[in-house]
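J.: Here is my input; please provide its structure:
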Amino acid sequence: MIKQLILIGALLVTTCSVVAQKKSEIIPRDSITDKYAYMDVVTVEGATLEQLTKRLEKWEKQHYNPVERQYASVVVDGDSHTLHDREALPGKARKFIEYDLTVDMKDGRYRYNLTHLEFVAVGKYPLEDKMATDKRSDLEEIHAICERILASLGAEMSKGDDW
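T.: Below is the predicted model of the structure:
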């Protein structure tokens, strides 16, 4: 009887840890810092640094206008742009994700780093913190928001006409 209870307990612990691992695998992590981050280098054939800069600035004005968005800010340092914003989780009252998106550009390519993900609800916590959400639905919505932001950036940066 005791052996059966121990076996059942071990199975429950194993099952719970597997579910917890799956939750953390929704959002990618930086292999060096082990923090949640989306990073990539994207090649844009034939695009000059000037063209990429114009495309990024156009995208920034559409999506990160501090006049229209309370939490939006843009900091430009040479060929590097850092954007900060807060997005609401869809269908969730008073749940937000704050992030920094850094875009570095060179001729024919750009690199993005979407980092410093912070969950805002009753308090504000880095997404890695145990006080932040561990609900799978919240993490899936955060992932969808980040993917949407990066898809929008990619679509604008790959446009061929710079009129």
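J.: Please identify which helix or strand holds the residue nearest in space to the middle of the chain.
T.: Within the chain, one residue has its C-alpha closest to the average C-alpha position: by CA atoms, centre = their mean, that is residue 146, at 4.0 Å. For residue 146, the host element (DSSP states H and E) is helix 136-157.
J.: which other helices and strands contact that helix?
T.: helix 2-24, strand 38-43, helix 49-63, strand 96-106, strand 109-120 (3 or more CB pairs under 8 Å, 6 or more residues apart in numbering; DSSP states H and E). In this view, the C-beta of every residue, glycine as well, is placed from N, C-alpha and C.
J.: And the average pLDDT for it is what?
T.: In this model, helix 136-157 has an average pLDDT of 94.
J.: Name the residues that touch that helix?
T.: Identification of contacts with helix 136-157 by CB atoms under 8 Å, 6 or more residues apart in numbering yields 22-23, 26-27, 38, 42, 44, 47, 52, 55-56, 58-59, 63, 87, 89-90, 92, 95, 97, 99, 101, 103, 110, 112, 114, 117, 119, 127, 133.
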